[in-house]
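*Asks:* I need the structure of the sequence given here:
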Amino acid sequence: MDLIEFLSYGFIQRALIAGSLISVLCAVLGVVLVLRRLSMIGDGLSHVTFGGVALAMALNFYPLAVSLPIVVLSSFGILKMMEKARVFGDAAIAVVSSIGIAIGILLASISGGFNVDLFSYLFGNILSISTLEIAAAVVISLMVLAAIYFYFDEIFSITFDEEFARASGIPVDRINAVMMMLTAVTVVLTMKVVGIMLTSALLVIPAVTAFQNARGFRNAIIIASISSLLSLVAGVFISFALNLPAGATIVMVNVFLFCGAFLFRHFFGSHAAE
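*Replies:* Model (predicted):
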C-alpha cells in the first residue's frame, strides 16, 4: 500500500488528526509528570476513567461526557490527599486508582458484564474515532496546550524546585491544580487512542525517551513530542497494514524509539560529551 492510498481513507485521516494532537499533548505533560515523580498518575486516572466509562454505559450516556468530570474531580482528590492528608503521591494515586477500578468492575457486572464497546475503551480503537471525537480532541488539546504555554515559566519552576517557587511568590497550589486538571483531561482523551490499559505508556515512554539525549527542559519537550508523534503515525500505518491492534502497536513503536535513544546515548553520548 502506498502513502496516497493510505491517507485517502477517512477513518485514517480522523485517526491521524486526533491522535497527533493527543500524542503531542501526552508528551508535553509526560515530561513534567516524570520529572515530578508522578508518572503513575496516568495509570491511576485511567482506572478512574474505566469507572466513568462503565457508569456511562450503564446509564446509556456518552462516555466522554461522563468520564471527563469524574476524572477531573478524582485528580483534585489525589492533589488534596497529597496536600492535606499527608499522603505521598504514589499512595494517593493507588487509593484513587483502586476505587475507580473497583467501581468500574461493579458497574460492568451489574449492567451485564463487559461488552464490545467497553472493551474498545479498555484497549483503544483509534481507527473508529468519530467526527465529534475529533472536534473534542482539537478543542480540548488546543486549550490544554495554550494553558501550558501561558504557565510555562511557572510550571518549569515548580517542576524543579517547588519550595523555591513558593518562596518566589508563584501560586504553587493553583498551578498544581491546573496541572492535575490538564492531566485528567488528557487521560480521558487518550483512552480512545491506545485504550485505558495503555494510557500511562503514552504519557511516560516519550518522556523517558527524550531524557536519554535531551539538553534542557525545552529540548526534552521537543524531543518527546517528536517521538510521540512519530510513534502515533507509524503505529497507525503498521497496525492498518498488518491488521494489528492500533493502541498496542503505537506503544510498541514508542518502546522501539526508547530503545534506540538509549542505545544512542550508550554508544555515542559519552563520546559527544568528551
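*Asks:* Now do Asn213, the pLDDT please.
*Replies:* According to the prediction, Asn213 has pLDDT 88.
*Asks:* Show me the strands in this protein, by range?
*Replies:* Using DSSP state E, the chain contains no strands.
*Asks:* low-confidence ranges in it?
*Replies:* 1-3, 84-89, 112-120, 269-274 (pLDDT under 70).
*Asks:* what ranges do the helices span in it?
*Replies:* Along the chain, counting by DSSP state H, helices occupy 3-7, 10-35, 41-59, 63-84, 89-110, 116-123, 131-150, 152-160, 162-167, 172-190, 199-211, 217-242, 246-264, 270-273.
*Asks:* Run a quick neighbour tally on the closest residue to Cys26 other than its chain neighbours.
*Replies:* Nearest residue to Cys26, sequence neighbours excluded (CB to CB, 6 or more residues apart in numbering): Leu202, at 4.5 Å. From N, CA and C alone the C-beta is placed, and that goes for glycine too. A count of nearby residues for Leu202, using other CB atoms under 10 Å, gives 32.
*Asks:* just the CA coordinates of stretch 184-191, formatted as PDB?
*Replies:* Output of stretch 184-191 as PDB, limited to C-alpha atoms (Å, rounded to 0.1, in the frame of the first residue of the first chain):
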ATOM      1  CA  ALA A 184      -7.100  14.400  33.800                       C
ATOM      2  CA  VAL A 185      -8.400  15.800  30.600                       C
ATOM      3  CA  THR A 186      -5.500  14.300  28.600                       C
ATOM      4  CA  VAL A 187      -6.000  10.800  30.200                       C
ATOM      5  CA  VAL A 188      -9.700  10.900  29.100                       C
ATOM      6  CA  LEU A 189      -8.800  11.900  25.600                       C
ATOM      7  CA  THR A 190      -6.100   9.300  25.300                       C
ATOM      8  CA  MET A 191      -8.400   6.300  26.200                       C
END
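*Asks:* which of the helices of the chain sits most buried?
*Replies:* Scoring those by mean neighbour count under mean count of other CB atoms under 10 Å gives helix 199-211 as the most buried, with a mean of 27.
*Asks:* Which elements pack onto it?
*Replies:* Packed against helix 199-211 by the contact rule (3 or more CB pairs under 8 Å, 6 or more residues apart in numbering; DSSP states H and E) you find helix 10-35, helix 41-59, helix 172-190, helix 217-242, helix 246-264.
*Asks:* Throw those helices into TSV and include distance to Ile126, thanks.
*Replies:* Shown next, in TSV, are the helices and strands packed on helix 199-211 (distance: least, CB to CB, whole Å):
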stretch	distance to Ile126
helix 10-35	5
helix 41-59	16
helix 172-190	10
helix 217-242	7
helix 246-264	5
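*Asks:* So which of those is nearest Glu162?
*Replies:* Nearest to Glu162, of all those, is helix 172-190, at 6.0 Å by CB to CB.
*Asks:* Off-centre distance for that closest one?
*Replies:* Computed by CA atoms, centre = their mean, to the nearest Å, the chain-centroid distance of helix 172-190 equals 11 Å.
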